[in-house]
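K.L.:
Structure for this input, please:
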Amino acid sequence: MAHPIHQATKNSPFGDLTKEEFYHKHHVIHQDSFMINNHNMRIYTQTWRPAEQNAPSGLVAMIHGYASESSWIFQLTAVAIAKLGFLVCAIDLRGHGYSDGRRGHIPAVAPVVDDCIQFFDSVKSSNASLPSFLYGESLGGAIAILVYLKQKSNWDGMVLNGPMCGVSAKFKPPWPLEKFLPAAACVAPSWRVVLRKSLMEKSYKEEWKRELVRRSPRAQASENPPASTALELIRICKEIGRRSEELELPMLVLHGKEDVVCDLGSAELVYELAKSKDKTLKIVHAMWHQLIGEDKDTIEMGFGVIFSWLKERAKRA
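P.N.:
Model (predicted):
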């Protein structure tokens, strides 16, 4: 099945169609709304389901990465998974997309994990018979791991696409700036850390897709994280590394060989330490950080692995 990204243009993920025409063409029903989280913040939520199937074969809960959003380019993968016969749900993390919060500020990840659990549980409660899977990209992969670690037996599998199990040394702030992060986060938590490389430029290999991401109406003014957020991202990676042995669910880890944003070695270590009896590691040669940002052949091969894995595990569950 061809990924919908191939129909996008640099101006719109829907190509020359309206959003409604796009969903109709792909036979997908889309719904969106806002939920109020435990901090009285409005969190944007979405679901996608196949229009021509009475009962979905499973539920996939998707979590986007840092400086991304559940709409725009990310939702094209949600549509593709819905076309496979799944009910798909996603939120905009606080400080991202349509959700409330200061742009790009995640000084503590625990409330973000709680937001995900609140919404995912609400969807699962109405679809209790469906096998359920977590899907996370980049920071979303790290959050997916933390959601599982908090809920354990509630999930039947997890897909990690370029997960943030460690930040690449090629991407971290230059020394000695990294050493001063704790002090900076305390004194000036909103100060934006200057990264070694541009997140956008090093995530999407094809230039027109970088332009598409930039043209999102909700694109963040800066891709550099605030000091408090940068410190929290590093802490998250350490926690995941420390708790990797607690991962016992079926899992697929897909990672680009040439990813200079999230560290491949850290993802391999998490995979090796995980006690899952059913686990798969797929390293994609020449792939950068974002699979959807690659050429057509690489996209079809990489997402083909993900889609086949989801369909097979849904059947087993």
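K.L.:
could you point out where the stretch 101-250 of the chain is predicted with low confidence?
P.N.:
The stretch 101-250 of the chain contains residues with pLDDT under 70 at 170-189, 191-197.
K.L.:
Helices of that one, start to end?
P.N.:
110-125, 139-151, 181-187, 199-203, 207-214, 227-242 (DSSP state H, counting those that start in this stretch).
K.L.:
Tabulate these (JSON lines), appending mean neighbour count and distance to F74.
P.N.:
Any C-beta I mention is one placed from the backbone N, CA and C, and that applies to glycine too. Formatted as JSON lines, the helices of the stretch 101-250 of the chain follow (neighbours: other Cβ atoms under 10 Å; distance: least, Cβ to Cβ, whole Å):
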{"stretch": "helix 110-125", "mean neighbour count": "18", "distance to F74": "15"}
{"stretch": "helix 139-151", "mean neighbour count": "23", "distance to F74": "9"}
{"stretch": "helix 181-187", "mean neighbour count": "15", "distance to F74": "28"}
{"stretch": "helix 199-203", "mean neighbour count": "20", "distance to F74": "12"}
{"stretch": "helix 207-214", "mean neighbour count": "16", "distance to F74": "9"}
{"stretch": "helix 227-242", "mean neighbour count": "19", "distance to F74": "19"}
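K.L.:
Nearest approach to V88 belongs to which of those?
P.N.:
helix 110-125 (9.4 Å; Cβ to Cβ).
K.L.:
what does the closest one contact?
P.N.:
When contacts are defined by Cβ atoms under 8 Å, 6 or more residues apart in numbering, helix 110-125 is touched by residues 35, 37-39, 43, 45, 47, 59, 61, 63, 87, 89, 91, 93-94, 106, 130, 132, 143, 146-147, 150-151, 154.
K.L.:
Selection in PyMOL covering whichever of these are buried, please.
P.N.:
With 16 or more other Cβ atoms under 10 Å as the criterion, this PyMOL line picks the buried residues out of the contacts of helix 110-125:
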select buried, resi 37+43+45+47+59+61+63+87+89+91+93+94+106+130+132+143+146+147
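K.L.:
Quick one: residues contacting the residue nearest to M164 when sequence neighbours are not counted.
P.N.:
Nearest non-adjacent residue to M164, counting by Cβ to Cβ, 6 or more residues apart in numbering: A142, 4.4 Å away. Each residue near A142 by Cβ under 8 Å, 6+ apart is listed here: 109, 136, 163-165, 236-237, 240.
K.L.:
which of these lies closest to A67?
P.N.:
Checking the contacts of A142 one by one against A67 (Cβ to Cβ), the nearest turns out to be M164, at 12.2 Å.
K.L.:
So for the longest helix along the chain, mean pLDDT?
P.N.:
Ranked by residue count and defined by DSSP state H, the top helix of the chain is helix 296-316. Averaged across helix 296-316, pLDDT comes to 97.
K.L.:
Grab the CA positions of it and hand them over as PDB.
P.N.:
The C-alpha trace of helix 296-316 is given here as PDB (Å, rounded to 0.1, in the frame of the first residue of the first chain):
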ATOM      1  CA  LYS A 296       9.800   6.800  -2.000                       C
ATOM      2  CA  ASP A 297      11.500   3.400  -2.100                       C
ATOM      3  CA  THR A 298      12.900   3.800   1.400                       C
ATOM      4  CA  ILE A 299       9.500   4.900   2.700                       C
ATOM      5  CA  GLU A 300       7.700   2.000   1.200                       C
ATOM      6  CA  MET A 301      10.200  -0.500   2.500                       C
ATOM      7  CA  GLY A 302      10.400   1.000   6.000                       C
ATOM      8  CA  PHE A 303       6.600   1.500   6.500                       C
ATOM      9  CA  GLY A 304       6.000  -1.800   4.900                       C
ATOM     10  CA  VAL A 305       7.900  -3.400   7.800                       C
ATOM     11  CA  ILE A 306       5.800  -1.400  10.300                       C
ATOM     12  CA  PHE A 307       2.500  -2.100   8.600                       C
ATOM     13  CA  SER A 308       3.200  -5.800   8.300                       C
ATOM     14  CA  TRP A 309       4.300  -6.000  11.900                       C
ATOM     15  CA  LEU A 310       1.100  -4.300  13.100                       C
ATOM     16  CA  LYS A 311      -1.200  -6.500  11.000                       C
ATOM     17  CA  GLU A 312       0.500  -9.700  12.100                       C
ATOM     18  CA  ARG A 313       0.500  -8.800  15.800                       C
ATOM     19  CA  ALA A 314      -3.100  -7.800  15.600                       C
ATOM     20  CA  LYS A 315      -4.000 -11.200  14.200                       C
ATOM     21  CA  ARG A 316      -2.000 -13.000  17.000                       C
END
